[in-house]
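Novice: Just a sequence and a predicted model for now, questions to come.
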Amino acid sequence: MKNKQMLSGNSAIARGFYEGGGKVAASFPGSPTVEIMHTLNTEYPDIYSEFSINEKVALEVGIGASFAGARTLVSMKHVGVNVCADPLMTFTQTRINGGFVLVTGDDPGMLSSQNEQDNRIFGKFANMPILDPSDSQEAKDYVKEALTLSEQFNRPFMIRVTSRVCHSRSPVVLSEPEEVEISGFSKKLEDYGMIPPNTFQKQYDMQEGLKRLADFAEKSTLNRLEEVESSKTLIITSGLMYHNLKELDLPISVFKLGMVYPLPIESIKEQSKKYNRIIVIEEMMPFIENELKIHGIQCEGKNLFNFTGELSTEDIERGLINGGIIVAKNDNPVKVEETVSRIPMFCAGCPHRPVFDILKKSKVSVIGDIGCYSMAVLPPLNILNSIISMGACIGIMKGLSKANTIANNKEPLVAVIGDGTFYHSGMPSLLNMLHQMDPDYNMTLIILDNGTTAMTGGQPNAGTGKYGAAYDMNVSVESIVGAMGFNRVKVVDQFQYKEASKTIKEELKHPGFSIVITTRPCALTFKIKETPFYVDPSICIGCRSCVKTNCPPIAMKKYEGIEKLKSSINRDMCVGCSVCAQVCPVNAIKRTEVKS
């Protein structure tokens, strides 16, 4: 085994769990933390790891493993913590047996998220100690430390990482794994039966535990002071901001935090006496800044640095210059050339494209959800009228229908949801549709069953088993909705464009609630590729009907000897789905002949 490897932060977290004697891991795929569970799945077979149906279930699997005495890791993106909040808020009261780490991937700048939730605040809200690694080495080390501290202080630990830490690579020193036995479940009702009167004492236990953790933070090597003798300013920071700041090579003292909750307040108070100004550098919310101010430590932060987005080295330098902390080196800073932006697009052969092409032509209101199909809110489709959170589209559609009914507005409504999202949180919302349903209100739910959790890299879901014995769950969406009591259910092959269009348009006009299930699998996950198509420019009329399907291989181009732009297909990208040929009004798009 090599003693040092270049690892992403996600892979380093997985490695740290392995080295720390981890036994059970669970997650729901969501960027930026997907790679953690993928790495555990593929590289550490001795660890039980799973992509659960949703984050709440993943946390509950982890809770059970920890109760049994196994060292446990549960990972998810920042908004996933909202889904698992109910059991989490009680789990922080109970005793644990095996060390427990919850990894949350925050997303400054919303690189792959619908909001910029700062889970340091959630960690404090849940009375969880929070570690904030700055690079891959710390990501690995902090997991091991958190597992040990979790058992020492008898509570789950949160490790908060950001997108850049998750995905960037840096050298990591590897170690051999620890051997940690699974101790077993004590089954003490006063420790695990969380109803009154047991819960009253747990509040005091939790408060006492936080006091002990605060004492630990004062002397922990997770926090360190890098003192510059002549400095009149102390900068307090954590995570990736530490490295971004260090790139400036400033003659300023730095207090680098590894544990951001609870903070070493007394140490910072003592250090603050030596300095004229205390500056906090952190992305998103002023969490550290507010904690210091609560304890009477005068400091600055968000008056100098942006409250949203990522903070680059240049952003930090600009803030320190504007705050009079440092002086600009020159009046002509390096100009950063803007690159041409790339519009997110559906993959070639994506089965969602024909559905949204049909809906766009139908000119209906469409409530969206979270998945690859979320991109239909962007140009050139611009078809989704809302996207909120996993599984929300069905409940939103019902709420709209009730409000519209009161307002005497009978506008038809459509909601779209993927199979993975349906299994995740759409099923309860669909069941709730049966409650006080208006039998005459025109609502259509389209379930896009592509057999995978596609947006995060093609992880399996409850229905992926229909595509092979390698997947252990084969749950039928059609069977589920039928068992719930929904009778008007149509199943369509969206690559049979005309038939699918006819069926969907019929359901859009149906005076009542109906469900359409589309069946084509994800072309990327299942590596689907048929004989490609080409455009005959002598027939093409340049109407752009094919271009409007939003397929990457299709573009308009200038052909030699033809004045008008005509469509073209990049055969190296085309997977032969045939949708473009089906929408062409003049049959100018043909399948390439296979040479024998």
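Specialist: The structure has been received and is ready for your questions.
Novice: For residue 448, which non-adjacent residue is closest in space?
Specialist: In space, and not counting its chain neighbours, residue 448 is closest to residue 418: 4.9 Å by Cβ to Cβ, 6 or more residues apart in numbering. All C-beta atoms are positioned from the backbone trio N, CA, C, and that covers glycine.
Novice: ok, the one you found touching residue 368?
Specialist: No - the pair residue 418 / residue 368 is not scored as a contact, 10.2 Å apart, by Cβ atoms under 8 Å.
Novice: These two: which has the busier surroundings?
Specialist: Comparing residue 418 with residue 368 by other Cβ atoms under 10 Å, the one with more neighbours is residue 418, at 30 against 24.
Novice: What score does that one have for pLDDT?
Specialist: Model confidence at residue 418, given as pLDDT, is 97.
Novice: same check, this time on residue 469
Specialist: You'll see residue 469 listed with a pLDDT of 89.
Novice: Roughly how far does it sit from residue 38?
Specialist: Distance from residue 469 to residue 38, counting by Cβ to Cβ, to the nearest Å: 21 Å.
Novice: Now do the shared contacts for residue 418 and residue 368.
Specialist: Common neighbours of residue 418 and residue 368 (criterion: Cβ atoms under 8 Å, 6 or more residues apart in numbering): none identified.
Novice: Buried residues, stretch 421-441. List them.
Specialist: For stretch 421-441, a neighbour-count test (16 or more other Cβ atoms under 10 Å) marks 421-427, 429-430, 433, 441 as buried.
Novice: That should have said stretch 407-423, apologies.
Specialist: Under the neighbour-count criterion of 16+ other Cβ under 10 Å, stretch 407-423 has 412-423 buried.
Novice: Reformat these as CSV; add distance to residue 288.
Specialist: Compiled in CSV, the buried residues of stretch 407-423 are given as follows (distance: Cβ to Cβ, whole Å):
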residue, distance to residue 288
412, 50
413, 45
414, 45
415, 41
416, 41
417, 39
418, 38
419, 41
420, 36
421, 35
422, 40
423, 38
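Novice: Would you check how far apart the closest residue to residue 426 other than its chain neighbours and residue 374 are?
Specialist: Using Cβ to Cβ, 6+ apart and skipping residues adjacent in sequence, the residue nearest residue 426 is residue 391, 4.3 Å away. In this view, residue 391 and residue 374 are 13 Å apart by Cβ to Cβ.
Novice: Make sure I have this right: residue 22 is in a strand.
Specialist: No - with DSSP: H, G, I helix; E, B strand; the rest coil as the criterion, residue 22 is coil rather than part of a strand.
Novice: you'd agree it is up against residue 75?
Specialist: No - using Cβ under 8 Å, residue 22 is not in contact with residue 75; the gap is 11.6 Å.
Novice: Need the three-state assignment for residue 445.
Specialist: Classification of residue 445 by three-state DSSP places it in strand.
Novice: Return the set of residues that bridge with it.
Specialist: Taking DSSP bridges, one obtains residue 415, residue 515 as the residues bridged to residue 445.
Novice: Number of residues surrounding it?
Specialist: As a burial measure, residue 445 scores 27 neighbours (other Cβ under 10 Å).
Novice: Please apply the same query to residue 46.
Specialist: Using other Cβ under 10 Å, residue 46 has 8 other residues around it.
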